[in-house]
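Peer 1: when you get a sec, could you give me coordinates for this:
(one chain, ligands or ions: 1)
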Amino acid sequence: MAQTPGALYFSHMRDGPLIRIRLPGGRVRADQLRVVAALAQRFGNGRIDLTNLANLQVRGLRRVRPAALKAALGGAGLLPRAVWADRFRNIQGDPLAGLAGDELIDAGPVIDALDKALQGAPVLEACHNKFSYVVDGGGCSNIAALPHDVGLVAQESARGIRFRLYMAGVPTSFCAAPDHAPAMAVAAAKMALSFPDRKDTPLMTFLKRVAYRPQGGGSRVLARGALALAGAQENRIRRLIRHIPLEAMTARLAGYLDAPFERLEVKMGQERKLTPSIGALAQKGSDLMLCGFGVPLGRLDAGRLTAIVRLADEYGKGELRLSPWHVVFIPHVEAQRVQELRQVAGALGFIIDETFLHIDVSACSGAGGCRGAKLATPDHALAIMQAFAAHGDSRRFAPLSVHVSGCPKGCAHRGRSDILALEREDASGYYVYEHSAALAPQKHSRVEGTISAKDLPQVIRELAEKQRAQSEP
Ligand code: SF4
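Peer 2: Model prediction:
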């Protein structure tokens, strides 16, 4: 299995080495993106992915020397100060933080402080590479609804704004002022290290408890050494919570907290639901606007990334926000220029209407990126997305999920989709299923015959129409 990539850690894919540049909170500057585009052009195959976690991946880097990569990324401020921490800075934030009018607090400074705090806690290198954090300033995006291990969610309290600690999406009674919230998140990650995985032996359980207890001398060092020899650890709170009660974790947490915190009663409210946005939004405290446009499937190349950078320079102030829903936002746009910006972005192939948010079309790497496929699944998914966009009536079908998979592994989407297109073994086209997952397609719901790549958008639209009609009362 390919290792989790980082800015200086390559994952070896079919189209060559890939790096992942983490951008906590999705905040990035035009000059930084120019460096990324130049890297992709000069050393890679020109392809860049905008990921589901608002990071960037540069693909096909067959010609790069690590020293040149480090110099380029470091010079652009795209590397953490502590390079070891790079693969552990999985911090999600609202791309609208500090810009949208409805938030309780601008979460940007808390995201920065958390990033710094993680880099100051080398023990967290033992965390699983996918251990993730989310910081939510209380804005309308509801970013805390994204899957996470540790969440910090702003709320009002009698003493001012407090960040409440969430674990695997569940609110705890632990709260802290904005200045102390990052320390609370770090404490939760350290605490998680001290718990055993479901399949750990009693010896492993004991070693973890000793190795990651809050205080201790030589015994901690010895236990950590033994665990390092034993290999990777599974300490994602998302997994732990399946076999360790939340109360057991919070009972242990207090011992790890070395910053002031409060215990505030948890009031169960409505379930949080991610609310993505696109298009022109009013910007807080000014007459300026924030413009978001969709990048279909998150697929970019050096040329398109450079085009985005130009737009950010020309219409905004060279600042951008990348979102986990594949929308790129350009802030600080004068209201009278919004329409022109939308037209230019649309002409460049970016999607500027709500279709993008209503129809969830995904694809695995396909023939270009994986040996398991012979068809260009992302291109075919893109054609589906464009077919819906061309009709401009996506709201009628929402929500609708469509997945195009090169084989039954379903790497890019393991769950069920409303419509699934699965490449045939002989690559002559697709089998199309309804309400299926690639791993276990529902044979009885298969559309008759083989659907060619050319006919796929039309067939899928017809199925969507049928499903919509069936769902009507
Ligand atoms: S689903 Fe199959 S073809 Fe697609 S990326 Fe995974 S292994 Fe490759």
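Peer 1: when you work out contacts or count neighbours from here on, use the C-alpha atoms and nothing else.
Peer 2: Fine.
Peer 1: in terms of pLDDT, where does the residue nearest to Tyr315 when sequence neighbours are not counted sit?
Peer 2: In this structure, Tyr315 finds its nearest non-sequential neighbour in Val333, 5.6 Å apart by C-alpha to C-alpha, 6 or more residues apart in numbering. If you check Val333, the pLDDT there is 98.
Peer 1: same deal with the one 4 residues further on?
Peer 2: Arg337 carries a pLDDT value of 97.
Peer 1: wait, it sits on Gly316?
Peer 2: No. The criterion here is C-alpha atoms under 8 Å, and Arg337 misses it with Gly316 at 9.9 Å.
Peer 1: give me the distance between the residue located most distally from the centre of the chain and Pro178.
Peer 2: Farthest-out residue of the chain from its mean C-alpha position, per C-alpha atoms, centre = their mean: Gly218, at 38.5 Å. Look at Gly218 and Pro178: by C-alpha to C-alpha, to the nearest Å, they are 34 Å apart.
Peer 1: next one: Glu271
Peer 2: 23 Å.
Peer 1: also Leu61?
Peer 2: Distance of Leu61 to Pro178, computed by C-alpha to C-alpha: 40 Å.
Peer 1: for the protein, what spans make up the helices?
Peer 2: Taking DSSP state H as the test, the helices found in the chain are 30-43, 66-75, 108-119, 181-193, 202-211, 218-230, 237-240, 246-253, 302-315, 338-347, 355-358, 377-391, 456-471.
Peer 1: out of those helices, deepest packed?
Peer 2: Among the helices of the chain, the stretch with the highest mean neighbour count (mean count of other C-alpha atoms under 10 Å) is helix 181-193, at a mean of 25.
Peer 1: any idea of the angle that one forms with helix 108-119?
Peer 2: With axes from the mean of the first three to the mean of the last three C-alpha atoms, to 10 degrees defining the directions, helix 181-193 sits at 40 degrees from helix 108-119.
Peer 1: so what touches helix 181-193?
Peer 2: 110-111, 113-114, 117-118, 121, 123-124, 126-127, 133, 150-152, 163, 165, 175-176, 208, 212-213, 235-237, 249, 252-253, 256-259, 261 (C-alpha atoms under 8 Å, 6 or more residues apart in numbering).
Peer 1: for the record, mean pLDDT for that helix?
Peer 2: So the average pLDDT for helix 181-193 ends up being 97.
Peer 1: next one: it to chain centre, how far?
Peer 2: 20 Å (C-alpha atoms, centre = their mean, to the nearest Å).
Peer 1: same question, stretch 305-317
Peer 2: 23 Å.
Peer 1: ditto for stretch 198-217
Peer 2: 31 Å.
Peer 1: repeat for stretch 43-59
Peer 2: Distance of stretch 43-59 from its chain centroid, counting by C-alpha atoms, centre = their mean, is 13 Å.
Peer 1: gap between the two ends of it?
Peer 2: 9 Å.
Peer 1: buried sites along it?
Peer 2: Neighbour counts over stretch 43-59 (16 or more other C-alpha atoms under 10 Å) mark 43-51, 53-59 as buried.
Peer 1: and if you look at stretch 148-157?
Peer 2: The neighbour-count check on stretch 148-157 (16+ other C-alpha under 10 Å) flags 148-155 as buried.
Peer 1: now do Ala228 against Val123, distance only.
Peer 2: Counting by C-alpha to C-alpha, the gap from Ala228 to Val123 is 12 Å.
Peer 1: quick one, phi psi at the residue most central in space within the chain?
Peer 2: The chain has Leu53 as the residue nearest its centroid, 1.3 Å off, counting by C-alpha atoms, centre = their mean. Reported as degrees, to the nearest 10, the phi and psi values for Leu53 are phi -110, psi 20.
Peer 1: cool, the one 10 residues further on as well?
Peer 2: Comment: the main-chain dihedrals of Arg63 come out as phi -110, psi 10, following degrees, to the nearest 10.
Peer 1: all strands of the stretch 351-473 of the chain, in order?
Peer 2: Secondary structure of the stretch 351-473 of the chain (DSSP state E, counting those that start in this stretch): strands located at 359-363, 400-405, 417-423, 430-436.
Peer 1: tilt between the shortest one and helix 377-391?
Peer 2: In terms of direction (the same axes, to 10 degrees), strand 359-363 departs from helix 377-391 by 160 degrees.
Peer 1: how about strand 359-363, does it reach the ligand?
Peer 2: No. Strand 359-363 does not reach the ligand (C-alpha under 6 Å from any ligand atom); its nearest approach is 7.7 Å.
Peer 1: give me the contacts around that strand.
Peer 2: Outside strand 359-363, the residues that reach it (C-alpha under 8 Å, 6+ apart) are 297, 377-378, 381-382, 384-385, 394, 397-405, 412-413.
Peer 1: what about the ligand: which of the residues you listed touch it?
Peer 2: With C-alpha under 6 Å from any ligand atom as the criterion, the contacts of strand 359-363 include Ser405 near the ligand.
Peer 1: quick revisit: between Leu61 and Pro178, which is the more surrounded one?
Peer 2: Leu61 (25 against 21; other C-alpha atoms under 10 Å).
Peer 1: just confirm that one contacts Leu18, I think it does.
Peer 2: Yes. Between Leu61 and Leu18 there is a contact under C-alpha under 8 Å: 6.1 Å.
Peer 1: so who does the closest residue to Pro331 other than its chain neighbours touch?
Peer 2: Distance criterion C-alpha to C-alpha, 6+ apart; nearest residue to Pro331, sequence neighbours excluded, is Leu290 at 4.3 Å. Contacts for Leu290 were tallied using C-alpha under 8 Å, 6+ apart; they are 99, 279-283, 329-333.
Peer 1: tally of neighbours for Ala177?
Peer 2: The local packing of Ala177 (other C-alpha under 10 Å) involves 19 other residues.
Peer 1: tabulate the helices of the chain (CSV), appending distance to Gly368.
Peer 2: Listed next are the helices of the chain as CSV, based on distance: least, C-alpha to C-alpha, whole Å:
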stretch, distance to Gly368
helix 30-43, 16
helix 66-75, 24
helix 108-119, 34
helix 181-193, 37
helix 202-211, 42
helix 218-230, 36
helix 237-240, 32
helix 246-253, 43
helix 302-315, 17
helix 338-347, 26
helix 355-358, 24
helix 377-391, 9
helix 456-471, 19
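Peer 1: looking at those helices, which is closest to Val447?
Peer 2: Among the helices of the chain, helix 456-471 comes nearest to Val447, with 9.1 Å by C-alpha to C-alpha.
Peer 1: what residues does that closest one touch?
Peer 2: 380, 383-384, 387-388, 396-397, 400, 419, 451.
Peer 1: same question for stretch 138-156.
Peer 2: By C-alpha under 8 Å, 6+ apart, the list of residues contacting stretch 138-156 from outside reads 92-94, 96-97, 100, 102-105, 131-137, 161-169, 181, 185, 188-189, 236-238, 272-277.
Peer 1: quick one: low-confidence parts of the stretch 1-150 of the chain?
Peer 2: Low-confidence segments of the stretch 1-150 of the chain (pLDDT under 70): 1-2.
Peer 1: no wait, the stretch 151-300 of the chain
Peer 2: 232.
Peer 1: what's around the residue of it found nearest the ligand, how many residues?
Peer 2: Residue of the stretch 151-300 of the chain nearest the ligand, by C-alpha to the nearest ligand atom: Leu297 (14.2 Å). Neighbour count of Leu297, defined by other C-alpha under 10 Å: 23.
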